[in-house]
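# sharing a sequence plus its predicted fold:
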Amino acid sequence: MTNDGGVTLLHEVAERRLPVARLEPVIGHERYERLMTVAARVRKRLADRTIWNVSSVAVGGGVAEMLQVIVGYVAGADIPIRWTIIGGDPQFFGITKRLPNQIHGADGQAEPVGSADARYYEQGLAANADELLTHVRPGDIAILHDPQTAGLTGALARAGVRVLWRCHIGIDTRTTSPVPPGTSCVPTCRPRTATCLPGGSSRRCGCRAPGPDHPAVDRPVLGQERRARPGERRGDPDHHRDLRRSRTSGPGCFLRDDGSRGTVRRAGLVMGDGRPGPDDPVVVQVSRWDRLKDMAGVMSGFAGYVLPAGDAYLLLVGPSMSGVADDPEGAVVFAECLAQWNQLPPNVRERVLLVTLPLDDVEENAAMVNAIQRRATVIVQKSLAEGFGLTVAEGMWKGRPVVGSAVGGIVDQIVEGTGILLPDPADLATFGSEVGWLLDHRQEAERMGAAGMAYTREHFVGDVHLLRFAELVEATAG
């Protein structure tokens, strides 16, 4: 689908049905039966109406990962649901990237969004709205995700569509949102207060926290990265090494959603001089290449306050540069991290690895992330600002101790005894001290990981998110 200027507009994500029955072994029969009862009630309430999810990207980042799971399970429960991606040119997505930065208070890194930008944003979304309204019917439910899509609200509401704006970002103080008065706003996690316009007239519908999908984040994967080829030089593009091939057993294999056997065929690329052995401790952060995720700060804190007293490795893991369409800053941030890595002393470069993973195949990517997280001794998420922070729940679900910043939804996930919260994410000394303590006290770290796994099963796995989603749909359907 294109507009008059030849720019691709809406793109519908292919349906991916996930069998709800596979949650029963994880959540137990009683919780499963409750879930199926609620699903039948939602089907009846919706009648012939459809739930539409609208976002800015299909892969890369927590919102896309959350939608892959929730849309798959809802479709698997025979509830009519569709997911479409808005389109635009590089200028449009440059503006939408600056919107969350400005809401987070990090607009000093880029030019603020001004009136001319706002007009361009509105024009881009108007074209998307015209296309969307050829498919959406009056009475349908449209759930718009994050600021990139918020400008669709007015056109859809005027056409009789029941509209929700789901806010996955924000700061821990009251701010404004880009949605019209009367719109229902749904923050992803409890501290979110970025839900009201200056008049205070937008309606808040409570919190809807996502969580990890058990089978999707817990697939077994075989295979390890290869060693450097002779003649590769540090800092060259050819110095990247792929994660695809095993030294002993060939390509890695994993279980797909349909029960078939998948093979890791695409290469995950690694910038770094060393490789951890089977018994070496490994610290991992998985996130987008985004300044608010503070990969650079993790690198500095690890190099300055963890390595001097230990022998761990650090893996900073993010998507490949071509994988996230709505994030033009990703390549810039990765280049900044790479430049910082090149300035590290040789002995530190041996133990700091920058990893990019392909997003061509969502299930393959999930298997690769799963393998890296399960290899971790400690998982960190040292964000400067955060929505929910899905990688925290993923790490806890795998029984790993997690060190996270006390911002956004991370506060909801890490409670006493289940991980470590950093009061000030910019305090690198404290960050290094907490990571080092976990590396030095393995039994306490294992107990913390077990407690985190139990807490995640109770509050964030599978059925909990689906039930909250059902409440949201039922309230909106009226």
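Sure, I can see it. No experiment lies behind these values; they were computed from the predicted model shown. Numbering: from 1, shown residues only.
# burial count for residue 95?
Residue 95 has 21 neighbours, counted by other C-beta atoms under 10 Å. The C-beta positions use only the backbone N, C-alpha and C, and glycine is treated the same way.
# ok, now how distant is it from residue 150?
Per C-beta to C-beta, to the nearest Å, residue 95 is found 12 Å from residue 150.
# quick check: mean pLDDT of stretch 269-276?
The average pLDDT for stretch 269-276 rounds to 90.
# buried residues in that stretch?
269-273, 275-276 (16 or more other C-beta atoms under 10 Å).
# just the ones of those residues in strands?
Among the buried residues of stretch 269-276, DSSP state E puts 269-271 in strands.
# how many neighbours does the closest residue to residue 251 other than its chain neighbours have?
Among residues not flanking residue 251 along the chain, residue 263 sits closest, at 5.0 Å (C-beta to C-beta, 6 or more residues apart in numbering). Residues contacting residue 263 under the criterion other C-beta under 10 Å number 16.
# hang on, residue 263 packs against residue 255?
No - assessed by C-beta atoms under 8 Å, residue 263 is found out of contact with residue 255, at 11.2 Å.
# follow-up on the earlier one: contacting residues around the residue nearest to residue 251?
Residue 263 makes contact with 251-254, according to C-beta atoms under 8 Å, 6 or more residues apart in numbering.
# tabulate the buried residues of stretch 269-276 (JSON lines), appending distance to residue 291.
Shown next, in JSON lines, are the buried residues of stretch 269-276 (distance: C-beta to C-beta, whole Å):
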{"residue": "269", "distance to residue 291": "21"}
{"residue": "270", "distance to residue 291": "22"}
{"residue": "271", "distance to residue 291": "19"}
{"residue": "272", "distance to residue 291": "21"}
{"residue": "273", "distance to residue 291": "25"}
{"residue": "275", "distance to residue 291": "28"}
{"residue": "276", "distance to residue 291": "27"}
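# return the distance of the most centrally placed residue in the chain relative to residue 28.
For the chain, residue 62 is the residue whose C-alpha lies nearest the centre (C-alpha atoms, centre = their mean; 1.6 Å). Distance from residue 62 to residue 28, counting by C-beta to C-beta: 27 Å.
# now swap in residue 87 and tell me
Going from residue 87 to residue 28 by C-beta to C-beta gives 42 Å.
# okay, the two: which has more neighbours?
Legend: neighbour count by other C-beta under 10 Å for residue 87 and residue 28, higher for residue 87 (21 against 12).
# ok, for the more buried one, nearest residue in space, not its chain neighbours?
residue 9 (4.0 Å).
# cool, and residue 73?
residue 18 (4.9 Å).
# leaving out sequence neighbours, find the closest residue to residue 80.
Nearest residue to residue 80, sequence neighbours excluded (C-beta to C-beta, 6+ apart): residue 50, at 4.5 Å.
# where does the stretch 151-300 of the chain have low pLDDT?
Residue ranges of the stretch 151-300 of the chain with pLDDT under 70: 170-250.
# same question but for the stretch 1-150 of the chain, I mixed them up
1-8, 99-113.
# show me where it has helices.
Ranges of helices in the stretch 1-150 of the chain, per DSSP state H, counting those that start in this stretch, are 24-27, 29-46, 62-76, 90-103, 115-132, 147-150.
# and of those helices, who's closest to residue 335?
Nearest of those to residue 335, taken as C-beta to C-beta: helix 90-103 at 16.0 Å.
# the residue nearest to residue 73 contacts residue 75, correct?
Yes - contact status for residue 18 versus residue 75: in contact at 7.4 Å, counting by C-beta under 8 Å.
# of these two, who's got more company?
residue 18 (23 against 19).
# where does the closest residue in space to residue 405 that isn't next to it in sequence fall, secondary structure wise?
Spatial nearest neighbour of residue 405, chain neighbours left out: residue 425 (3.7 Å); criterion: C-beta to C-beta, 6+ apart. Using DSSP states H and E, residue 425 sits in no helix or strand.
# and if you look at residue 316?
strand 313-319.
# pairing partners for that strand, with directions?
Strand 313-319 sits in its sheet next to strand 282-286 (parallel), strand 352-357 (parallel), going by DSSP bridges.
# how far away is residue 416 from residue 439?
21 Å.
# and those two? which has more neighbours close in?
Using other C-beta under 10 Å as the criterion, residue 416 and residue 439 rank with residue 439 on top: 20 against 7.
# so that one sits against residue 310, correct?
Yes - Residue 439 lies in contact with residue 310 (C-beta under 8 Å); the separation is 5.7 Å.
# now the common contact residues for those two.
Joint contacts of residue 439 and residue 310 (C-beta under 8 Å, 6+ apart) are residue 281.
# ok, now which ones touch the closest residue in space to residue 51 that isn't next to it in sequence?
In this structure, residue 51 finds its nearest non-sequential neighbour in residue 81, 4.4 Å apart by C-beta to C-beta, 6+ apart. Residues counted as contacts of residue 81 (C-beta under 8 Å, 6+ apart) are 50-53, 71, 74-75.
# rewinding a little: what do residue 18 and residue 75 both touch?
Counting by C-beta under 8 Å, 6+ apart, nothing touches both residue 18 and residue 75.
# does anything pack onto the helix or strand hosting residue 443? Which helices or strands?
Secondary structure from DSSP H and E places residue 443 in helix 442-459. The contact analysis (3 or more C-beta pairs under 8 Å, 6 or more residues apart in numbering; DSSP states H and E) places helix 442-459 against helix 390-397, helix 428-440.
# buried deepest among those helices, which one?
Ranked by mean neighbour count, these are led by helix 390-397 with a mean of 29 (mean count of other C-beta atoms under 10 Å).
# quick one: mean pLDDT over that one.
Per-residue scores along helix 390-397 average to 92.
# now the angle from that helix to strand 313-319?
Here helix 390-397 runs at an angle of 130 degrees relative to strand 313-319 (axes from the mean of the first three to the mean of the last three C-alpha atoms, to 10 degrees).
# coming back round to it: partner residues bridging the residue nearest to residue 251?
residue 253.
# re the thing from before, go through the buried residues of stretch 269-276 and name the one nearest residue 132.
residue 269 (36.2 Å).
# with residue 123 as the reference, measure out to the closest one.
Taken as C-beta to C-beta, the span from residue 269 to residue 123 is 37 Å.
# cool, residue 316 as well?
Counting by C-beta to C-beta, the gap from residue 316 to residue 123 is 37 Å.
# over to residue 67?
26 Å.
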